[in-house]
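Fold the following, please.
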Amino acid sequence: MLCFPVTYRINTNELRPLIDDLRRAAEGALLGVGYYEDDEYEMVYTRTDLYERYPAEKIDEIARDMVLEGLSDDHHERLLYDFGGLSATIRSFDRGVTVHVPLDGRSGLGFGLDDPSLTLAGTLLDRCLAFADAHEEPGGNTALADD
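All right, here's what the predicted structure looks like:
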């Protein structure tokens, strides 16, 4: 499902090992994984019941929120935090967790779990950060797209 018209060319072969790793580690708790670049967003994995729980319009709304959040990361790093670069935003709810992982100033990953365990969220976050580090180009850009 596409939430915005996609004009970038994501290399899904590079994302597939990460998605498979997240699914194995989450043991069924992974609801979905989305990738955004600039103001475009694509769901790259959805659990079969995700659209029963959340209508497509709600997922679009969540995606837009994540894109806007990604655009404000530089602001947060400059004004609010003295801890270095922002690695992720984790939101913990009564029955689940959402994680937003900015990959660079223009792109990022987001995923949701229907398990409220911050330990599980941290484990998956570590895997996303390792993936981003492995795909970082000289100069700090993340190389995820085909040229």
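
From Ala132, how far off is Arg53?
Relative to Ala132, Arg53 is positioned 28 Å away (Cβ to Cβ, to the nearest Å). Heads up, the C-betas are built off the backbone N, CA and C, glycines and all.

By mean pLDDT, point me to the weakest helix or strand of the chain.
Taking mean pLDDT, DSSP states H and E as the measure, the chain has helix 73-79 as its least confident helix or strand, at a mean of 64.

what stretches of this structure score poorly on pLDDT?
Applying pLDDT under 70 to the chain flags residues 1-10, 12, 70-81, 137-147.

how about 80 then?
Within the chain, the segments meeting pLDDT under 80 span 1-13, 38-39, 66-86, 104-106, 135-147.

Show me where it has its strands.
30-37, 40-46, 89-93, 96-102, 107-113 (DSSP state E).

just the angle between the third one and strand 107-113, please?
Between strand 89-93 and strand 107-113, the angle formed by their directions is 20 degrees, by axes from the mean of the first three to the mean of the last three Cα atoms, to 10 degrees.

Pull out the buried positions in strand 89-93.
Thr89 (16 or more other Cβ atoms under 10 Å).

now what about it, what contacts it?
With Cβ atoms under 8 Å, 6 or more residues apart in numbering as the test, strand 89-93 has contacts from 69, 97-100, 116, 118, 121, 125.

Which strands border that strand, and is each parallel or antiparallel?
Strand 89-93 sits in its sheet next to strand 96-102 (antiparallel), going by DSSP bridges.

neighbouring contacts of the strand it pairs with?
Contacts for strand 96-102 (Cβ under 8 Å, 6+ apart): 31, 66, 69-70, 73, 86-91, 108-118, 120-121, 124-125, 128-129, 132.
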